[in-house]
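Asker: this one's structure only:
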């Protein structure tokens, strides 16, 4: 039993490692490319007139990597029908609007509502006792499309030529638009609640180009609520007590 718990913990750490590695590599590559453009324009300061605008707007395109952080129910330790049960990482894509209001030279507030599409949240189970012709390893997939409403407070660094760094923190409210889909009501799937809220932190980089501000950003989003609608009568749902969302976003903001 201790070995199973150790393997589960190792799997969770491995999931989080893979969750972060790809986003960090993308950020580094993007910064190198934009730094090349920046170096060619050191003598020309772009978009200085935007520094005093009280409001500005834009569009966000992003990649999301999602993971459901589990806590097991006591029945999981008592029952040998399922030996392991682990959520998997799932990719998705986000399309959002962005609206920012300037509070001071350093501080801004930002709304960044939009959609997170194509999330196929999956769980892998290793079965102990199983029915005839039933595979020992089962993967169950839950399709999700999420409407997200995050609000952030941003802190900006000084501008260096056409470059600026910012950090942010805030809250989010998510609605799972696929929660009522017929495919989600199957008896062999984990049931997830429609609504979620959580906290977010991130770091971004403003690159001021002649006609647009390009801002690559990496953001970490942790759900604070339990989104598992546990059903003790369902084999694949009963082994989990709570599930909380974890997401990492790599986003490109294009601002006017």
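Answerer: Yep, it's here. Note that the structure is a prediction, hence the values are computed from the model and not measured.
Asker: so residue 134, which of the three states?
Answerer: Put simply, residue 134 is coil when judged by DSSP: H, G, I helix; E, B strand; the rest coil.
Asker: so it makes contact with residue 127?
Answerer: Yes. If you go by Cβ atoms under 8 Å, residue 134 and residue 127 touch, sitting 6.8 Å apart. From N, CA and C alone the C-beta is placed, and that goes for glycine too.
Asker: these two - which one has more neighbours?
Answerer: Taking other Cβ atoms under 10 Å, residue 134 and residue 127 do not tie; residue 127 has more neighbours (18 against 9).
Asker: quick one, helices of the stretch 51-200 of the chain?
Answerer: 74-78 (DSSP state H, counting those that start in this stretch).
Asker: extract the residue ranges of it that are flagged as low pLDDT.
Answerer: Scanning the stretch 51-200 of the chain with the threshold set as pLDDT under 70 gives 182-183.
Asker: all the strands of it, residue numbers only.
Answerer: All strands of the stretch 51-200 of the chain, identified by DSSP state E, counting those that start in this stretch, fall at 55-72, 82-87, 90-102, 107-111, 114-127, 137-156, 163-176, 195-208.
Asker: quick one, which of those strands is nearest to residue 249?
Answerer: Shortest distance between residue 249 and those, using Cβ to Cβ, is found for strand 55-72: 5.2 Å.
Asker: pairing partners for that closest one, with directions?
Answerer: strand 90-102 (antiparallel), strand 240-255 (antiparallel) (DSSP bridges).
Asker: rewinding a little: export the strands of the stretch 51-200 of the chain to TSV and tack on distance to residue 243?
Answerer: Below are these laid out as TSV (distance: least, Cβ to Cβ, whole Å):
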stretch	distance to residue 243
strand 55-72	5
strand 82-87	7
strand 90-102	13
strand 107-111	27
strand 114-127	9
strand 137-156	11
strand 163-176	12
strand 195-208	10
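Asker: closest one to residue 255 among these?
Answerer: Closest among those, once you apply Cβ to Cβ, is strand 55-72, at 3.5 Å.
Asker: pull the distance from that closest one to the chain's centre.
Answerer: Centroid separation between strand 55-72 and its chain, computed with Cα atoms, centre = their mean, to the nearest Å, is 3 Å.
Asker: numbering from 43 from now on, please.
Answerer: Shifting the count to begin at 43 puts that one at strand 97-114.
Asker: enumerate every residue touching the closest residue to residue 207 other than its chain neighbours.
Answerer: Nearest in space to residue 207, with sequence neighbours left out and distances taken as Cβ to Cβ, 6 or more residues apart in numbering, is residue 199 at 4.4 Å. Under the criterion of Cβ atoms under 8 Å, 6 or more residues apart in numbering, the neighbours of residue 199 are 206, 207, 208.
Asker: will you turn the residues you listed into JSON lines that also has neighbour count and distance to residue 222?
Answerer: Formatted as JSON lines, the contacts of residue 199 follow (neighbours: other Cβ atoms under 10 Å; distance: Cβ to Cβ, whole Å):
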{"residue": "206", "neighbour count": "18", "distance to residue 222": "43"}
{"residue": "207", "neighbour count": "14", "distance to residue 222": "42"}
{"residue": "208", "neighbour count": "20", "distance to residue 222": "38"}
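Asker: now distance to residue 139 too, for those, in JSON lines please.
Answerer: Compiled in JSON lines, those are given as follows (distance: Cβ to Cβ, whole Å):
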{"residue": "206", "distance to residue 139": "21"}
{"residue": "207", "distance to residue 139": "23"}
{"residue": "208", "distance to residue 139": "18"}
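Asker: among the residues you listed, which one lies nearest to residue 193?
Answerer: Nearest to residue 193 among those: residue 208, at 15.3 Å, using Cβ to Cβ.
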